[in-house]
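>>> Pasting the sequence and the predicted coordinates here, then a few questions.
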Amino acid sequence: MAKITALKLNKEFRSAYYHGRSLVNPSLITYVRKNRVGETRLGITTGKKIGKAVKRNRCRRIIREAFRGLLPHVKRGYDYVFVARAATVNKKSTDIAQIMRSQLKSIGHWQ
């Protein structure tokens, strides 16, 4: 299985926000941008509106696990940034994976 590299720098996130394609769902916002490293990189953002640290960390774990299951079908060489929304707290990883799959299919990043 391919390894997921994490986005960590603020400029990498901003690049995805300002120059990437975005898709919005009540539970999840997705930003996709081609990168120069040629590997799939994942960034997850959870704001304070979601709740305290326990809920934000749960949202990150759910999003990371959902993306891990979809990784074999996702195009390589792109940065994927997912922003959790308030409705993400009540979802399971299978629900989030279904949302991700539909968003990625709609922009042509599903193989």
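Perfect, thanks for sending it.

>>> all helices of this structure, in order?
10-19, 53-70, 93-106 (DSSP state H).

>>> how far out from the middle of the chain is stretch 91-111?
Here stretch 91-111 shows a centroid-to-chain-centroid distance of 10 Å under the convention CA atoms, centre = their mean, to the nearest Å.

>>> where's the residue of the chain positioned farthest from its centre relative to residue 59, distance?
Each residue of the chain has a distance to the centre, and by CA atoms, centre = their mean the biggest one is for residue 52: 20.2 Å. Using CB to CB, to the nearest Å, residue 52 is found at 11 Å from residue 59. C-beta: built from backbone N, CA, C; applies to glycine.

>>> Beta-bridge partners for the residue lying closest to residue 22 once chain neighbours are set aside, please?
Take residue 22 and drop its neighbours on the chain: the residue closest to it by CB to CB, 6 or more residues apart in numbering is residue 31, 5.1 Å away. Note on residue 31: beta-bridge partners by DSSP bridges are residue 22, residue 81.
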